[in-house]
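Asks: Fold the stuff below for me.
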Amino acid sequence: MRASKMRTTDSSRIRLAASLAAVLALSLGTSSAEAAGRRKEPTVIVSAGPVRVLDEGRDELRARLAKVDAILAEGLRRTRQAQPRDLMLQARESVTLARRMLGFVAVKSQRAPVDFEREEGARPGDPRADAAYSRDLIVVDVGALRRELSLAERALLQVEGMRRGERLIGGALDELRVAMRIVASLFGPPMAPPPPPPQATPNQPWPMGAAPFQALLDSIASEAWARERLGIVEMAARDNYFVVAQVLQILERFDFSNQKLKAVRAVKDRILDQQNNYLLYGAFSFSSEKEELGRLLASRESPLPQPMATGDFERFVERATSGRSVEGWLQVVEREAPQNWFVVEQVARLLGRFPTPDTRMRVLTVVKPRILDPQSYKRLESLFPNPAYRRQLAELFR
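Replies: As a prediction, this is how the structure comes out:
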């Protein structure tokens, strides 16, 4: 009986000791995990210009880029066609390089924390080029970071063009663009504030709205060759105006400084906030490039055209509407309007001389790029009583 009781007691003690050991092991494991979670992240600074530290926004940027990578991994799993697959691989490689530059991804052959290699950080010649890459410091070449994100965006736009309606690629593009905006806000030069709400002030050009400007950026990024991208910029600059913050985003779509200088040459006369032109120097690295930029900006013309003087406008209207046929009137407008500027009040007077909504819409299509206060277009609605023409009017000025 006593021996049986002793065996039972010993068995209970063994079970109790095992339980305590398990609890202790679990506690130690939890403490280690918590300590690992509290490990101080490396300081991330840029390789040129003022020292700017990636602090706020780090977690969101990490999450956005990780989501892009996950979406692309799923897309690669689903895709069997060679060309879309190659483009997705290129995009994923660029995203991975960007994540590695920011310290979000460790080099495969090592365990984090990682010593990052020189070519992933500061440019040669930069005063911070000799900074030690360690678990405590990462120096990011913002130009290289933006270039990789732009390359990823360009590849995804090509995939989207091949596979229209593909929601997976659309989701990756959305996340990538959010990440690019975070990088611009964290590391980019100070951006000009958004323009104030439209006011009906004549002879004051207006910068491109957010939606049309994003469409312009998408069009630029969709072209594989710099020549085609520059052609889109030149075309947009004929009928639109920009603020410096928008010009900086355009320059990010070009890989080399000579291409960026050509883009500046195309838009320099269409920049409205010329007092902020100094911000454009941050898009160039070498003194020779900055000197050329200075010469370009010094040769700019005023982007503030004036509407036709009252007397000149009255003579123009008489010339345009004195012929025998409406077709002849239209020919005069098509010949002379592109050489002048108008305000909506003048356009309304001109349209009122034409007899039908159809001919008025044809005239409006010609003069619309030369209207200085397009935000006031609703004053023209009374000339188009038919709802279908009013919808066409709104579409023209959207």
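Asks: what's the burial count for residue 79?
Replies: 21 (other C-beta atoms under 10 Å). (C-beta placed from N, C-alpha, C; glycine too.)
Asks: One more: residue 170?
Replies: For residue 170, the count of nearby residues is 15 (other C-beta under 10 Å).
Asks: That one and residue 157 touch, don't they?
Replies: No: using C-beta atoms under 8 Å, residue 170 is not in contact with residue 157; the gap is 10.5 Å.
Asks: Okay, residue 329 and residue 93: tell me how far apart.
Replies: Distance, residue 329 to residue 93, by C-beta to C-beta, to the nearest Å: 59 Å.
Asks: Comparing the two, which residue is more hemmed in?
Replies: Set side by side, residue 329 and residue 93 show more neighbours around residue 329, with 22 against 15, by other C-beta under 10 Å.
Asks: residues in contact with that one?
Replies: 320, 321, 323, 353, 354, 359 (C-beta atoms under 8 Å, 6 or more residues apart in numbering).
Asks: if you set the cut-off to 10 Å instead, what comes out?
Replies: By C-beta atoms under 10 Å, 6 or more residues apart in numbering, the contact list for residue 329 reads 317, 319, 320, 321, 322, 323, 350, 353, 354, 355, 359, 363.
Asks: can you tell me the helix or strand for the last one?
Replies: In this case it means residue 363. Here residue 363, judged by DSSP states H and E, is contained in helix 357-367.
Asks: helix or strand right after that helix?
Replies: Per DSSP H and E, the helix or strand that comes after helix 357-367 is helix 387-396.
Asks: residues of that next one that come out buried?
Replies: Residues of helix 387-396 classed as buried: 389, 390, 393 (neighbour count, 16 or more other C-beta atoms under 10 Å).
Asks: now swap in stretch 288-300 and tell me
Replies: Buried, per 16+ other C-beta under 10 Å, within stretch 288-300: 289, 290, 292, 293, 296, 297, 300.
Asks: where exactly do the helices run in the stretch 51-200 of the chain?
Replies: 58-78, 82-101, 142-162, 167-187 (DSSP state H, counting those that start in this stretch).
Asks: Now render those helices as JSON lines, adding mean pLDDT.
Replies: Shown next, in JSON lines, are the helices of the stretch 51-200 of the chain (pLDDT from 0 to 100):
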{"stretch": "helix 58-78", "mean pLDDT": "86"}
{"stretch": "helix 82-101", "mean pLDDT": "87"}
{"stretch": "helix 142-162", "mean pLDDT": "82"}
{"stretch": "helix 167-187", "mean pLDDT": "81"}
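Asks: Generate JSON lines for the ones you listed, with distance to residue 243 as supplementary columns.
Replies: Below are those laid out as JSON lines (distance: least, C-beta to C-beta, whole Å):
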{"stretch": "helix 58-78", "distance to residue 243": "25"}
{"stretch": "helix 82-101", "distance to residue 243": "27"}
{"stretch": "helix 142-162", "distance to residue 243": "19"}
{"stretch": "helix 167-187", "distance to residue 243": "14"}
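Asks: Which among these is found nearest to residue 253?
Replies: When the helices of the stretch 51-200 of the chain are compared by C-beta to C-beta, helix 142-162 sits nearest residue 253, at 6.3 Å.
Asks: For the nearest residue to residue 368 once chain neighbours are set aside, give me its contacts.
Replies: Leaving out its chain neighbours, the residue that sits closest to residue 368 by C-beta to C-beta, 6 or more residues apart in numbering is residue 396, at 6.0 Å. For residue 396, the contacting residues are 361, 364, 365, 368, 374, 377, 380, by C-beta under 10 Å, 6+ apart.
Asks: In these, find the pair that's most separated.
Replies: Taking C-beta to C-beta as the measure, the contacts of residue 396 span a maximum distance of 15.5 Å, between 361 and 374.
Asks: From residue 375, how far out is the closest residue to residue 393 other than its chain neighbours?
Replies: Spatial nearest neighbour of residue 393, chain neighbours left out: residue 384 (5.5 Å); criterion: C-beta to C-beta, 6+ apart. With distances taken as C-beta to C-beta, residue 384 is found 18 Å from residue 375.
Asks: Of those two, give the one with the bigger neighbour count.
Replies: Between residue 384 and residue 375, counting by other C-beta under 10 Å, residue 384 is the more crowded of the two (19 against 16).
Asks: from memory the more buried one sits against residue 351, does it?
Replies: Yes: taking C-beta atoms under 10 Å as the definition, residue 384 is a contact partner of residue 351 at 8.9 Å.
Asks: Give the residues shared as contacts by the two.
Replies: Contact with both residue 384 and residue 351 is made by residues 357, 360, 361, 364, according to C-beta under 10 Å, 6+ apart.
Asks: neighbour-wise, which of the residues you listed leads?
Replies: Within the shared contacts of residue 384 and residue 351, residue 364 tops the neighbour count with 25 neighbours, counted by other C-beta under 10 Å.
Asks: any low-confidence regions in the chain?
Replies: 1-56, 105-140, 163-166, 186-205, 300-305 (pLDDT under 70).
Asks: can you list the domains in it?
Replies: For the chain, whose domains are defined here by automatic domain parsing, the residue ranges read 45-187, 218-298, 310-396.
Asks: Please verify my assumption that residue 313 contacts residue 337.
Replies: No: contact criterion C-beta under 10 Å: residue 313 and residue 337 do not qualify, at 11.1 Å.
Asks: Please enumerate the shared neighbours of the two.
Replies: Shared contacts of residue 313 and residue 337 (C-beta under 10 Å, 6+ apart): residue 350.
Asks: The two: which is more packed in?
Replies: Shown here are residue 313 and residue 337; by other C-beta under 10 Å, residue 337 has more neighbours (21 against 18).
Asks: burial count for residue 240?
Replies: Quick note: residue 240 (other C-beta under 10 Å) scores 19 neighbours.
Asks: Not counting residues beside it along the chain, what's closest to it?
Replies: Closest residue in space to residue 240, ignoring its immediate chain neighbours: residue 208 at 5.0 Å, by C-beta to C-beta, 6+ apart.
Asks: so the one you found touches residue 233, yeah?
Replies: No: contact between residue 208 and residue 233 fails when scored by C-beta under 10 Å: they sit 12.0 Å apart.
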